[in-house]
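A.B. asks: Sequence and predicted model, in that order:
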Amino acid sequence: MDRRKWISLLLLFALFGSPVAGQELEFSDVSAVAVVIYDADFDQVVYAKNPHQQRSIASLTKIMTILYVCELVQEGRISLNDVVTASANAASRGGTEIKLKVGDRFTVEELLFAAALASANDASVALAEFVSGSESEFAQAMTQRARELGLTNTNFVDSTGLLSIYSGNYSTAYDMAVLSRIAMENELFRRFVSTKEYELKPQGRTIRNSNTLLHEVEGVNGIKTGATTPAGHTLITSVERQGRSLIIVVLGAPSRETRNEQSEALVEYAYSRLKTVIPAGQVITQVKVVDGVTHLVDAVLKQDLSIFAFTPEDAQVETKVELKENRAPVEKGEKVGELIILRDGEEYGRMDLVSNQSTGLASVLRRLWNRIVEFFSRLF
């Protein structure tokens, strides 16, 4: 076992104790002010500490900045190749930066990489001014987009996160988890935040992603770091392992090192508690396929139904099947319905049921006979 794995395990034990069966998760030693572990596949909070507390979020603000610009690109309103000329206002923005000078010309794509990897405040302001004419107008559009996404506890007044809750720039661990899940589903956004290094050609240098976990932790594919005095140290981590996606939000950690260590420990602990409830390929039900040479097929899960179970009760779920009308031909692996997962009588999530075999298509005469039988069965 390598040194990093030993450190992760020791940190797990220090934070939570040994993860033995039946032990409840204790987060009293996690020093970050607000934490959310979010199951991105089922849109469910697995664990939360102060999830709805409004807080300064520092450069996590740039998640919305980058996502909003990406959406404009995808809508065709702007292009990645559009050239942005840096204003005096953008060039004067301090903090983390790529040191833009007045009149510097960068493409939208280059500025997005700078905002995502280097958390460049000057690049974020240049993008905001290019899109909306001013940063304040852009921030209003960001807030409007947040409302459209259902983020009712979030407000933006700048594109960088340099401004704090005292100026009206704030969010919550829960809102940021939801936003991150939405953002990571956007292919263009994901390309920027998952890139480890990028050659910034106008400056003749390579910038490196400031997200340490992206470089060092298995399965991490984004998303954003941040730090200011009002916000403390912040980090949102997107991870995919064993076909399951998690988002870890850590707000208000006392240091960059603590933020990274606790985020990694939360990732390792969560995946150590991933329990398979129904394995992929297990027959759930049989499905009637109208007009198939094979008229009954087995419906199976394409991937495991697995649950992040921090207590034994977490893995206790019920299921029910919802089938669609299936007519031949149905190919192997084609969706034939959904498995609905229930916890305490409430819907927890859904997974596709797929056919475990192909049906073929019955002959014309056979299909005609099926219609006759179907007609008379309705009569009687």
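C.D. replies: Perfect, thanks for sending it.

A.B. asks: which residues of the stretch 1-150 of the chain fall in helices?
C.D. replies: Along the stretch 1-150 of the chain, counting by DSSP state H, counting those that start in this stretch, helices occupy 3-16, 61-74, 88-91, 108-117, 121-132, 135-148.

A.B. asks: Share the number of residues neighbouring the residue lying closest to Leu149 once chain neighbours are set aside, please.
C.D. replies: In this structure, Leu149 finds its nearest non-sequential neighbour in Ile182, 5.9 Å apart by CB to CB, 6 or more residues apart in numbering. The C-beta positions use only the backbone N, C-alpha and C, and glycine is treated the same way. Using other CB atoms under 10 Å, Ile182 has 17 other residues around it.

A.B. asks: now swap in Asp298 and tell me
C.D. replies: Other residues close to Asp298 by other CB under 10 Å number 17.

A.B. asks: distance of it from Val290?
C.D. replies: 17 Å (CB to CB, to the nearest Å).

A.B. asks: so what's Thr294 scoring on pLDDT?
C.D. replies: Thr294 carries a pLDDT value of 74.

A.B. asks: need the contact list for it.
C.D. replies: Neighbour list for Thr294: 357-360 [criterion: CB atoms under 8 Å, 6 or more residues apart in numbering].

A.B. asks: For it, what are phi and psi?
C.D. replies: Main-chain torsions, Thr294, degrees, to the nearest 10: phi -100, psi 120.

A.B. asks: And Asp298, by the same measure?
C.D. replies: phi -80, psi 130.

A.B. asks: can I assume it is in contact with Leu353?
C.D. replies: No: Asp298 is not in contact with Leu353 according to CB atoms under 8 Å; the separation is 9.6 Å.

A.B. asks: quick one: common contacting residues for these two?
C.D. replies: Listed as contacting both Asp298 and Leu353 by CB under 8 Å, 6+ apart are 285, 287.

A.B. asks: who wins for proximity to Ile248 among the helices of the stretch 1-150 of the chain?
C.D. replies: For the helices of the stretch 1-150 of the chain, the distance to Ile248 is smallest for helix 3-16, at 13.1 Å, taking CB to CB.

A.B. asks: Mean confidence (pLDDT) on the closest one, please.
C.D. replies: In this model, helix 3-16 carries a mean pLDDT of 48.

A.B. asks: quick one, what contacts Glu322?
C.D. replies: By CB under 8 Å, 6+ apart, the contact set of Glu322 is 337-340.

A.B. asks: For it, give me the pLDDT.
C.D. replies: Note for Glu322: predicted pLDDT of 95.

A.B. asks: What sits closest to it if chain neighbours are left out?
C.D. replies: Among residues not flanking Glu322 along the chain, Glu338 sits closest, at 4.9 Å (CB to CB, 6+ apart).

A.B. asks: about what we covered before: among the helices of the stretch 1-150 of the chain, which comes closest to Ser194?
C.D. replies: Taking those one by one with CB to CB, helix 108-117 is closest: 9.0 Å.

A.B. asks: Helix or strand with the lowest mean pLDDT in the chain?
C.D. replies: The weakest-scoring helix or strand in the chain, judged by mean pLDDT, DSSP states H and E, is helix 3-16 (a mean of 48).

A.B. asks: residue contacts, Ile57?
C.D. replies: By CB under 8 Å, 6+ apart, Ile57 lies in contact with 161, 169-171, 176, 226, 231, 234, 251.

A.B. asks: out of those residues, who's nearest Gln303?
C.D. replies: When those are compared for distance to Gln303 (CB to CB), Met176 wins out at 27.0 Å.

A.B. asks: What degree of burial does the closest one show, as a neighbour count?
C.D. replies: If you count neighbours by other CB under 10 Å, Met176 ends up with 31.

A.B. asks: So the nearest residue to it once chain neighbours are set aside, which state does it fall into?
C.D. replies: Residue nearest to Met176 in three dimensions, not counting chain neighbours: Val249, with 5.2 Å by CB to CB, 6+ apart. Taking DSSP: H, G, I helix; E, B strand; the rest coil as the rule, one finds Val249 in the strand state.

A.B. asks: In contact with Leu72, which residues are there?
C.D. replies: Neighbouring residues of Leu72 by CB under 8 Å, 6+ apart: 78, 131.

A.B. asks: Please repeat the previous calculation with a cut-off of 10 Å.
C.D. replies: When contacts are counted by CB atoms under 10 Å, 6 or more residues apart in numbering, Leu72 touches 78-79, 108, 127, 131, 141.

A.B. asks: will you turn those into JSON lines that also has distance to Tyr198?
C.D. replies: JSON lines is the format used below for the contacts of Leu72 (distance: CB to CB, whole Å):
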{"residue": "Ile78", "distance to Tyr198": "20"}
{"residue": "Ser79", "distance to Tyr198": "18"}
{"residue": "Val108", "distance to Tyr198": "14"}
{"residue": "Leu127", "distance to Tyr198": "16"}
{"residue": "Val131", "distance to Tyr198": "21"}
{"residue": "Ala141", "distance to Tyr198": "26"}
